[in-house]
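Participant: Just to be clear, the model below is a prediction. Sequence and coordinates:
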Amino acid sequence: MLQIRNDAFLIEVGTLDAGVAIRDGHAFHFVSADPRFQELETRKFGDLGQLQRAADALGRHKPRGKGRRIGHPILEGRQNATQ
């Protein structure tokens, strides 16, 4: 967790920037930087630890989805030709 300003904190889950926690009086609101964490935007958190735990739990249970291999067609063609 990295403090951006006196009242805003970057929330990270692993190597992913999940979003920003913003202090609102005695609570924190969350603004997501990744769609997987949007459901946290509707909640208030009593402290940063509570918000971080919620983001960690969400990050563990929501995979990024299937990735696809991106390659260079010419290089892949050469590689297949030499095999």
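Facilitator: Ah, there it is. Numbers count the residues shown, from 1 in each chain.
Participant: and the lengthiest helix in the chain, what's its mean pLDDT?
Facilitator: Determined from DSSP state H, the single longest helix within the chain is helix 48-61. Taken as a whole, helix 48-61 carries a mean pLDDT of 92.
Participant: and that helix, C-alpha only, in PDB?
Facilitator: Output in PDB follows, covering the C-alpha atoms of helix 48-61 (Å, rounded to 0.1, in the frame of the first residue of the first chain):
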ATOM      1  CA  LEU A  48      -7.200   0.500   5.400                       C
ATOM      2  CA  GLY A  49      -6.500  -3.000   6.700                       C
ATOM      3  CA  GLN A  50     -10.200  -3.900   6.200                       C
ATOM      4  CA  LEU A  51     -10.200  -2.600   2.700                       C
ATOM      5  CA  GLN A  52      -6.900  -4.300   1.800                       C
ATOM      6  CA  ARG A  53      -8.300  -7.700   3.100                       C
ATOM      7  CA  ALA A  54     -11.400  -7.300   1.000                       C
ATOM      8  CA  ALA A  55      -9.400  -6.500  -2.100                       C
ATOM      9  CA  ASP A  56      -7.000  -9.400  -1.400                       C
ATOM     10  CA  ALA A  57     -10.000 -11.800  -1.100                       C
ATOM     11  CA  LEU A  58     -11.600 -10.500  -4.300                       C
ATOM     12  CA  GLY A  59      -8.300 -10.700  -6.200                       C
ATOM     13  CA  ARG A  60      -7.900 -14.400  -5.200                       C
ATOM     14  CA  HIS A  61     -11.400 -15.300  -6.300                       C
END
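Participant: by contact count, what packs against it?
Facilitator: On a contact count with 3 or more Cβ pairs under 8 Å, 6 or more residues apart in numbering; DSSP states H and E, helix 48-61 meets strand 8-13, strand 16-24, strand 27-32. In short, each C-beta sits where N, CA and C put it, glycine included.
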